[in-house]
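Student: how would this look folded up:
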Amino acid sequence: MDDMILEPRLEDQKTPDLNPGEEVLARFQGSLRTYVKEHVLLAALGSVLMVGVLIYMGNPHAWTGMVGAVAAIAVRGLYVAREQLGFVWTLTNHRLIGPTGSGILLGNIEKVNTLFTAAQVVTIAGDKYMLKYQADAKDTKAQIERACAR
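Tutor: Coordinates of the predicted model:
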């Protein structure tokens, strides 16, 4: 297994070099629709939490918690959208290749979990990698598991 970069940057992304006999089975990239839905949900949950905290503290302007939470999630969402949605993972008949060109041999993948809109790949060594904002995380999981079973 190649060394994976812990926090890859979009400018670090490479088109994967395939080995002889290696063929692409699927490519996984974040979905804009899923990204927006997840951020709307985070903003709603953050709003409820912050309004509750401000009410508990006795603040007469508890509504400001909603404004602050929505603004914070919106700014964060806009700031990282290009990068998070630009990452492409490539599944081949031999490995799962990350956005920076580093790969995980299929035989080293112990399991694949789904966490909300992400597929989490867990290696035998215990390393974990997230394929975030998948339109259908369960389908992503199934495709990786099918490739591992070959």
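Student: contacts, neighbours, all on C-alpha from now
Tutor: Noted.
Student: what residue of the protein is the furthest out?
Tutor: Pro60 (38.2 Å; C-alpha atoms, centre = their mean).
Student: contact partners for that one?
Tutor: Residues in contact with Pro60 (C-alpha atoms under 8 Å, 6 or more residues apart in numbering): none are found.
Student: do Ser31 as well
Tutor: Contacts of Ser31 (C-alpha under 8 Å, 6+ apart): 85, 133-135.
Student: ok, Met50 next?
Tutor: By C-alpha under 8 Å, 6+ apart, the contact set of Met50 is 62, 65-66, 69.
Student: what helix or strand is it on?
Tutor: helix 32-56 (DSSP states H and E).
Student: please pull out the lowest mean pLDDT helix or strand from this protein.
Tutor: helix 63-86 (a mean of 93; mean pLDDT, DSSP states H and E).
Student: now do the helix or strand just after that helix: distance to the chain's middle.
Tutor: The C-terminal neighbour of helix 63-86 among helices and strands, as given by DSSP H and E, is strand 88-92. On the basis of C-alpha atoms, centre = their mean, to the nearest Å, the separation between the geometric centre of strand 88-92 and that of its chain is 13 Å.
Student: how does this protein divide into domains?
Tutor: As recorded under automatic domain parsing, the domains making up the chain are 10-30+87-149, 32-83.
Student: circling back to that earlier point, and the helix holding Met50, average pLDDT?
Tutor: For helix 32-56, mean pLDDT is 96.
Student: need the residue closest to the centroid of the protein.
Tutor: Centroid check for the chain by C-alpha atoms, centre = their mean gives Lys132 as the closest residue, at 1.4 Å.
Student: separation between that residue and Gly68?
Tutor: According to C-alpha to C-alpha, to the nearest Å, Lys132 and Gly68 sit 25 Å apart.
Student: and if you look at Leu106?
Tutor: Distance, Leu106 to Gly68, by C-alpha to C-alpha: 44 Å.
Student: coming back round to it: so what's the residue count around the nearest residue to the residue nearest to the centre of the chain once chain neighbours are set aside?
Tutor: Nearest in space to Lys132, with sequence neighbours left out and distances taken as C-alpha to C-alpha, 6 or more residues apart in numbering, is Ala118 at 4.4 Å. Per other C-alpha atoms under 10 Å, the neighbour tally for Ala118 reads 21.
Student: from now on call the first residue 289
Tutor: OK, 289 is where the count begins now, so the last one is Ala406.
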